[in-house]
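Engineer: predicted model, plus sequence, below.
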Amino acid sequence: MPPSSSSPSRVPVEERLFSLVLALLATETGLTKNEILSTVQGYRQRYVGHGDNSSLERQFERDKDDIRELGVPLETVESPGDSGNNQLLRYRIPKGAYDLPADVVFSPEEITLLGLAATVWKEGSLSGESRRALMKLRSLGVEANDPIVGYAPRLRARESAFEPLNQALERNAIVQFPYLKPGESASRIRTVAPLAIVQHQGRWHLQGIDQDAHGSRTFLLSRMVGPVKVTARTFVPDGSDFAAKALADLERIWADNVATIEVTAGTDAATRLGKRYGDAVPVAGDGESFRLTVNYSDINIVADQLASFGPEVLVLAPEVLRQAVRDRLAATAAAHEGSDRG
């Protein structure tokens, strides 16, 4: 006997985020979480009326963070008569905050390029699924106030590991992936029960239970050097709020690791690091350099970053980071010496 219903087809994360932005731009008063989950492409396919949508709600919470990180001004509006009720919160993207500034102008060449790009977006931005979602929103009494063709979130490319890990999280499935730790010459297959994917300081991390180490571990997605395999083995998570706990752990590590660096003024390092870390302190009697306090959660990542600026940056403390940067500079110098001889 055939099954009574088929599993909902998966919608690519970029399409889901785009549909979410379209829906929130189409209304001035905003949408409740329930209206979003039941109408927007990428959510509605898995929405269960009067059922358990906890997994879908967690996905929406991650998507909210994603579109805010992309620079989209997502706002929440409380119900006037029921302040504090999260179920009645309305989400919206104020059109004025998402429009281009009035003083932004384009050259004829730029207009031509934008026109070509618009022809690519025109069909996708109001696809059949999006039109159906807008029609359903109108049936709820939500009117679209302005044309929305041409609005597009600035989507970035994620690590290829993100989507299979996200699928594993939804199924509570154990995953396997090759992972290359800094300082090691070869990757090693890790078997992990995934608990949360979080973004911290611009990087994606997987927090889960390492099945070989029998303990909680955090993995950088950028260090997964091969395909993620979602196995048929499942597990029952022991606890809750894994994402919040993972972020708290990463934030604690970041706050505990502090470096002091000296940066040459007027350089690329001064521009980039000054904007990122701020609170520059001029070096007394110098005028040509300043000091910055730098927090970090991974010594290898920050060492790579600082070493890439060469003589523009001097690490003052701690000594372990100073040595790590020195080792990288020495390796770069040795590599160039070898190429010169050739």
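Structural biologist: Okay, I see it.
Engineer: go through whatever helix or strand D327 lives in and flag the buried ones.
Structural biologist: Secondary structure from DSSP states H and E places D327 in helix 319-341. Residues L321, R322, A324, V325, R328, L329 are the ones in helix 319-341 that count as buried (16 or more other Cβ atoms under 10 Å). From N, CA and C alone the C-beta is placed, and that goes for glycine too.
Engineer: what helices or strands is that helix leaning on?
Structural biologist: Contact analysis of helix 319-341 by 3 or more Cβ pairs under 8 Å, 6 or more residues apart in numbering; DSSP states H and E lists helix 299-307, strand 313-317 as its packing neighbours.
Engineer: go ahead and measure how far that helix is from the middle of the chain.
Structural biologist: Remark: helix 319-341 is offset 32 Å from the chain centroid, using Cα atoms, centre = their mean, to the nearest Å.
Engineer: ok, now stretch 233-243?
Structural biologist: That offset, for stretch 233-243, works out to 21 Å (Cα atoms, centre = their mean).
Engineer: and that stretch, C-alpha only, in CSV?
Structural biologist: Below are the C-alpha coordinates for stretch 233-243, written out as CSV (Å, rounded to 0.1, in the frame of the first residue of the first chain):
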residue,chain,number,x,y,z
ARG,A,233,22.3,6.2,12.6
THR,A,234,20.2,8.5,14.8
PHE,A,235,20.4,9.6,18.4
VAL,A,236,18.3,11.2,21.1
PRO,A,237,19.8,14.6,22.2
ASP,A,238,20.3,14.8,26.0
GLY,A,239,19.3,18.3,26.9
SER,A,240,18.2,21.5,25.2
ASP,A,241,19.4,25.0,24.2
PHE,A,242,22.5,23.6,22.6
ALA,A,243,23.0,26.6,20.3
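Engineer: all the helices of the stretch 151-300 of the chain, residue numbers only.
Structural biologist: 162-171, 242-256, 268-277, 299-307 (DSSP state H, counting those that start in this stretch).
Engineer: format those helices as a markdown table; extra columns: mean pLDDT.
Structural biologist: Compiled in a markdown table, the helices of the stretch 151-300 of the chain are given as follows (pLDDT from 0 to 100):
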| stretch | mean pLDDT |
| --- | --- |
| helix 162-171 | 89 |
| helix 242-256 | 91 |
| helix 268-277 | 81 |
| helix 299-307 | 93 |
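Engineer: can I get those helices in a markdown table with mean neighbour count?
Structural biologist: Listed next are the helices of the stretch 151-300 of the chain as a markdown table, based on neighbours: other Cβ atoms under 10 Å:
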| stretch | mean neighbour count |
| --- | --- |
| helix 162-171 | 18 |
| helix 242-256 | 15 |
| helix 268-277 | 15 |
| helix 299-307 | 19 |
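Engineer: could the ones you listed be laid out in TSV, adding distance to H214?
Structural biologist: Output for the helices of the stretch 151-300 of the chain, formatted as TSV (distance: least, Cβ to Cβ, whole Å):
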stretch	distance to H214
helix 162-171	19
helix 242-256	17
helix 268-277	37
helix 299-307	25
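Engineer: so which of these gets nearest T293?
Structural biologist: Closest approach to T293 among the helices of the stretch 151-300 of the chain is made by helix 268-277 (6.8 Å; Cβ to Cβ).
Engineer: return the helix or strand in the chain with minimum mean pLDDT.
Structural biologist: Every helix and strand in the chain was compared by mean pLDDT, DSSP states H and E; the lowest is helix 128-139, with a mean of 51.
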